[in-house]
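J.: Prediction below, plus the sequence it came from.
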Amino acid sequence: MITGVVTNGPVDARREKIAHLSLEARIDFAVISGEFGAGKPVPAIFVEPMRRAGSDPAETVFTGDSGEHDIAGVQAAGIPAV
């Protein structure tokens with residue numbers, strides 16, 4: 001299983017938060033809006049993790065906590081959401 005993080009915000013702050021939570025050892029990658037150039041709910045930020053993982057929507061599931069930013073964007077990209 002490949003695990004990634006999609007997050008909005010400035011790169012430095014998000015990388016610091018990932019380190020603070022000790023997530024580096026638990027994730028394969030992070031897609032950060034400040035680095036990617038687009039943020040949630042833009043569908044492209046949800047498609048990028050699939051590209052990095054070499055997967056497609058049928059092999060992917062996204063979990064999020066915001067209906068407006070997470071679920072709406074991921075569904076617009078055709079990815080199942082939990």
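T.: Sure thing, it's come through. Residues are numbered from 1 along each chain as shown.
J.: From Val82, how far off is Ala38?
T.: Using C-beta to C-beta, to the nearest Å, Ala38 is found at 23 Å from Val82. The C-beta positions use only the backbone N, C-alpha and C, and glycine is treated the same way.
J.: Neighbour count: the two, which is higher?
T.: Comparing Ala38 with Val82 by other C-beta atoms under 10 Å, the one with more neighbours is Ala38, at 15 against 8.
J.: My guess is the more buried one contacts Ala44. True?
T.: Yes: contact between Ala38 and Ala44 holds when scored by C-beta atoms under 8 Å: they sit 5.3 Å apart.
J.: which stretches of the protein form strands?
T.: Ranges of strands within the chain are 4-7, 29-32, based on DSSP state E.
J.: distance of Asp12 from Ala77?
T.: Separation of Asp12 from Ala77 (C-beta to C-beta): 26 Å.
J.: quick one: which of the two has more around it?
T.: Ala77 (21 against 11).
J.: thought that one was touching Ala38?
T.: No: Ala77 lies out of contact with Ala38 (C-beta under 8 Å); the separation is 11.7 Å.
J.: got any residues that touch both of those two?
T.: Ala44 (C-beta atoms under 8 Å, 6 or more residues apart in numbering).
J.: Tell me the confidence at Ile71?
T.: Ile71 is assigned 94 on the pLDDT scale.
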